[in-house]
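1. Sequence and predicted structure, then a few things I'm wondering about:
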Amino acid sequence: MKTYTPITKDIRRRISDALGDECIVTNQDEVGTYSKDASGLSYPPELVIRVQETAQIQRLMRLANEYKFPIIPRGGGSGLAGGCLPVLGGVVLSLEKLNRIISVDTQNLIAQVQPGTITKDLRDAVQQKKLFFPPDPAGMDQSTIGGNAATNAGGPSCVKYGTTKDYILGLEAVLPSGRMINTGTRTRKGVVGYDLTQLLVGSEGTLGIITGLILKLIPYPPAVSAMTAVFSDLPSAMQAVTQILNRGHLPSAIEFLDAKCLLLVKDILSFHVPGEKSTLLIIEVDGNPEQTKRDIKTIGKILKEVGATHLLPAFNEKERGDIWNVRRQVSLRIHDNYALYIPEDVVVPIGKIPALVAELPKFEAEYGLKIYAFGHAGDGNIHLNITAQNRDNMNRVEMGVKAILARVIQMGGTISGEHGIGQAKKRYLSMELSAESIRLQTEIKKVFDPNMILNPGKIFPKEDFNNRLL
Ligand SMILES: Cc1cc2nc3c(=O)[nH]c(=O)nc-3n(C[C@H](O)[C@H](O)[C@H](O)COP(=O)(O)OP(=O)(O)OC[C@H]3O[C@@H](n4cnc5c(N)ncnc54)[C@H](O)[C@@H]3O)c2cc1C
């Protein structure tokens, strides 16, 4: 089998001559940070390049084709699937300095941005002009818009507003060949030719390096109200979700936390966790100020009707901040408390959430796991935070993960709703996709990247590429 060329002194000199010495990161502590993302995986880069302009990326891609070394695009490094890690060595290409918001067009409700723009910075900048970029991944103060596009990031607001792909009108990208492409439109509609924009979105940096984005904005909702509701168990909480939606309400967030999550943060809750199966719903509505207040009151009534034991409305920023802090603290504490932490983000049909969560204790007992479940109840996206106290029995843990994912697929679900496949989940790809679907997708990859230099080793296991590099 062929292998990639290591980054020799000669190659490094060619890169330095072509791009300028200043974009090579030399501080070893800093280089170390590029060996990780938020997945818990770690692969050291041979070289880290931080570019300042798109032309440098084109020159780098040409050298990568000439010598056959991998290039791994990286945004904020907040990914949970190891997508930006150099699993087969090569050059990590950081886009964080390409971070300008080029324009916010209030007449046509679009923004033009560079890929390294931090998600929260964009949301704040457009909000100042009373415009809204809805995608709200919880890691938004670290993630970049380029990374969000490459993973088609979601977040709590997806239930009402959709995912990142719904806000991308057009892209500028450097292809693996080094050539540039502009896809899509600056208009809100367009159906000319195949939709290359949406092919690049969610492709996890394997088909092209996104260097510019044209984003759709919408008017900023002037008011937001929120409410938390405690239920004695998860099925009644999910019944409440169905009732809210069936009675014509479309909240801008419907999140749930299971009993294990609640017990983990009981010291910061403003209520007593009544039982071992208690479940919390967080509901947010946005829009006109008077209407949101009315909506949250009506939703409160529905929640009571279906058995909420405790309701806590939040009409102002401080109260809403407290609610979301509970959600954030759960993630942080799970991450900090366990030696082994595997973040899965499965999706099942909404009505199947209680059945899946009810089966988790069986998987915990059989495979020695502790699983914390929270997530986006309104769209069926459950973050299964799979933990163990040590890493001694990885085989058993992986068998457990596989068994859970198999069950999710059996329920009509998918193994990833928003984090992507990257390195972490590629071994499970064929559980969900047919051989024909994988064949077609790997053929697409070869058309874009015949030398397999752009983010190799991601999404598809190497056997899907037969005798090629990887
Ligand atoms: C605390 C926390 C909460 C999170 N919550 C959510 C959530 O609610 N919803 C959600 O969807 N995700 C969430 N995530 C995951 C993560 O924030 C998203 O996947 C995010 O989109 C990654 O963006 P990034 O810039 O950090 O990308 P990176 O981690 O740097 O890269 C991710 C992938 O995108 C590729 N990539 C990055 N930039 C480019 C580019 N310009 N061109 C081509 N490819 C590129 C990389 O090669 C890699 O495959 C969370 C993460 C954390 C740590």
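-> Cool, the structure landed. Please read these numbers as outputs of a predicted model, since none were measured by experiment. Numbers count the residues shown, from 1 in each chain.
2. Any figure for the gap between I299 and A240?
-> Look at I299 and A240: by Cβ to Cβ, to the nearest Å, they are 9 Å apart. Just so you know, the C-beta spots here come from the backbone N, C-alpha and C atoms, and that holds for glycine as well.
3. Just give me the longest helix of this protein.
-> helix 317-337 (DSSP state H).
4. What are the buried residues along that one?
-> By neighbour count with 16 or more other Cβ atoms under 10 Å, helix 317-337 contains the buried residues E319, R320, D322, I323, W324, V326, R327, Q329, V330, S331, I334.
5. Tell me the residues of this structure that contact the ligand?
-> Proximity of the chain to the ligand is confined to 37-38, 72-80, 83-84, 95, 115, 137-139, 142-144, 146-148, 150-151, 153-155, 204-205, 209-210, 331, 418-419, 422, 455 under the rule Cβ under 6 Å from any ligand atom.
6. can we see that at 5 Å?
-> Residues of the chain lying close to the ligand by Cβ under 5 Å from any ligand atom are 37-38, 73-80, 83-84, 95, 115, 137-139, 143-144, 146-148, 150-151, 153-155, 204-205, 209-210, 418.
7. Restricted to helices, list these.
-> Those of these lying in helices (DSSP H): G146, G147, N148, A150, T151.
8. give me the element Q291 is part of.
-> helix 289-305 (DSSP states H and E).
9. Next, give phi and psi for E204.
-> Note on E204: backbone dihedrals following degrees, to the nearest 10 are phi 50, psi 40.
10. Equivalent analysis for the one 10 residues further on, please.
-> Note on I214: backbone dihedrals following degrees, to the nearest 10 are phi -100, psi 120.
11. Now do it: how many residues are near it, please.
-> Residues within reach of I214, counting by other Cβ atoms under 10 Å, total 24.
12. Excluding sequence neighbours, find me the nearest residue to the residue in the stretch 251-400 of the chain that the ligand sits nearest to.
-> Residue nearest to the ligand within the stretch 251-400 of the chain: S331 (5.5 Å; Cβ to the nearest ligand atom). Computed as Cβ to Cβ, 6 or more residues apart in numbering, the closest residue to S331 that is not its neighbour in sequence is A138, at 7.1 Å.
13. Tell me, how many residues neighbour the nearest residue to I118 once chain neighbours are set aside?
-> In space, I118 comes closest to T144 once its chain neighbours are excluded; the distance is 6.1 Å by Cβ to Cβ, 6+ apart. Neighbour count for T144, taken as other Cβ under 10 Å: 29.
14. Verify the contact between T144 and K120 for me.
-> No - counting by Cβ atoms under 8 Å, T144 does not reach K120; the two are 10.3 Å apart.
15. show me what contacts the residue nearest to I118?
-> Applying Cβ atoms under 8 Å, 6 or more residues apart in numbering to T144 gives the contacts G75, G76, L95, E96, N99, P115, G116, T117, I118, T119.
16. For the closest residue to the fifth one other than its chain neighbours, grab phi and psi.
-> This means N99. Distances taken as Cβ to Cβ, 6+ apart place G116 nearest to N99, at 3.8 Å, with adjacent residues excluded. Note on G116: its backbone torsions stand at phi -80, psi 0 [degrees, to the nearest 10].
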